[in-house]
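[1] Need a 3D model of the following:
(4 chains)
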Number of protein chains: 2
Amino acid sequence: MDSSQLLKGVLDVAVLAVVADQDGYGYDVVRRLRTAGLEDVGDASVYGTLRRLFQAGALTSYVVPSDEGPHRKYYGLNQSGRDLLDSSTKTWMSFAQTMNLLLRHDPEAAK
Amino acid sequence: MDSSQLLKGVLDVAVLAVVADQDGYGYDVVRRLRTAGLEDVGDASVYGTLRRLFQAGALTSYVVPSDEGPHRKYYGLNQSGRDLLDSSTKTWMSFAQTMNLLLRHDPEAAK
DNA sequence: GGCACTACTGCGTAAGACGCGGTAGTGTCC
DNA sequence: GGACACTACCGCGTCTTACGCAGTAGTGCC
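    Residues are numbered from 1 along each chain as shown, chains lettered A, B, ... in the order given. Below you'll find the predicted structure:
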């Protein structure tokens, strides 16, 4: 099954969570997400998400030159980003809980 | 936060689960989903999903006239739909688990 | 020079959820 | 009997977003 649709709206939270752990640059965030289990995530999606979150004011950004390749554009959370991560996490948890109740097909559990 | 993006790719499973419980018609499926906690789900999304799933061969369909309003177009699961529900449920569970690990910001848990 | 890996960007596409408006049938209330 | 509410469905247009793909560029290795 194509899990790419499951990502809709969730990649934001995932990226925020990864960056919250430690500042990261795009290429690295991609690797960390894949390692965490989101194996099929596309790199373009992550770069796009980072730019979107930055534009939305949730991330800080600074460029660090690298000796072993091109420069790296690091992203980090600011307060707005932390708030967003918190509220998004809560939204996700509650949503996931709802889905879990729905999917264990116990009609009573959904009441 | 706008939870509509979270639904992407998940509404299919939710609709399948609701219909698996008992055959249902569009308007009723909407109500059941909302009662189950998906309060913001749009009716157009559900009707669209039902038609999509039907066209994909996962649902059966039959019309029942009603004494108390317009006719009702019932949908039910066939074998293909049950298979789809099973595999989609597994995909969801595994995806949700991955997200949960990512979101409890315990760096060790993601390894 | 050619290749691999790192690192980022831009463009076009497709999927899907939703708002909105429209069409009907039934029932209620004044 | 007319206005309104509720039931029930459909179609259209829009927006968001994940992704494929191509391109650019730096480093290191053979």
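[2] Contact residues of chain A facing DNA strand D?
    Proximity of chain A to DNA strand D, by CB under 7 Å from any atom of the strand, involves residues A:4, A:7-12, A:40-45, A:48-49, A:52, A:67-70. C-beta coordinates here come from the backbone N, C-alpha and C atoms, glycine included.
[3] mind listing which of those residues are in strands?
    The strands, defined by DSSP state E, take in nothing from the residues of chain A next to DNA strand D.
[4] In space, what's closest to whichever residue of chain A sits closest to DNA strand D - neighbours in sequence excluded?
    Nearest to DNA strand D in chain A, going by CB to the nearest atom of the strand, is A:Ser45, at a distance of 3.0 Å. What sits nearest to A:Ser45 in space, not counting adjacent residues and going by CB to CB, 6 or more residues apart in numbering or on different chains, is A:Leu11, at 6.1 Å.
[5] need the contact list for that neighbour.
    Contacts for A:Leu11 (CB atoms under 8 Å, 6 or more residues apart in numbering or on different chains) come out as A:Val41, A:Ser45, A:Val46, A:Thr49.
[6] Turn those residues into TSV, columns for pLDDT, distance to B:Ala20 and neighbour count.
    As requested, the contacts of A:Leu11 are exported to TSV (pLDDT from 0 to 100; distance: CB to CB, whole Å; neighbours: other CB atoms under 10 Å in any protein chain shown):
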residue	pLDDT	distance to B:Ala20	neighbour count
A:Val41	92	30	21
A:Ser45	94	32	17
A:Val46	96	35	24
A:Thr49	96	34	22
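[7] Make TSV out of the residues you listed and add distance to A:Leu102.
    Shown next, in TSV, are the contacts of A:Leu11 (distance: CB to CB, whole Å):
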residue	distance to A:Leu102
A:Val41	25
A:Ser45	27
A:Val46	29
A:Thr49	27
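[8] ok, is the lengthiest helix in chain A in contact with chain B or not?
    Ranked by residue count under DSSP state H, the longest helix found in chain A is helix A:79-103. Yes: if you take CB under 8 Å from any CB of the partner chain as the test, helix A:79-103 does meet chain B, through A:87-89, A:91-93, A:95-103.
[9] How about that helix, which residues are buried there?
    A:81, A:84-85, A:88-89, A:91-92, A:95-96, A:98-99, A:101-103 (16 or more other CB atoms under 10 Å in any protein chain shown).
[10] Mind giving me the packing neighbours of that helix?
    Other elements packing on helix A:79-103 under the criterion 3 or more CB pairs under 8 Å, 6 or more residues apart in numbering or on different chains; DSSP states H and E are helix A:11-21, helix B:11-21, helix B:79-103.
[11] any chance of those in JSON lines, with mean pLDDT too?
    Output for the helices and strands packed on helix A:79-103, formatted as JSON lines (pLDDT from 0 to 100):
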{"stretch": "helix A:11-21", "mean pLDDT": "95"}
{"stretch": "helix B:11-21", "mean pLDDT": "95"}
{"stretch": "helix B:79-103", "mean pLDDT": "93"}
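[12] DNA strand C: which of these is closest?
    Of all the helices and strands packed on helix A:79-103, helix B:11-21 sits nearest to DNA strand C, with 3.7 Å by CB to the nearest atom of the strand.
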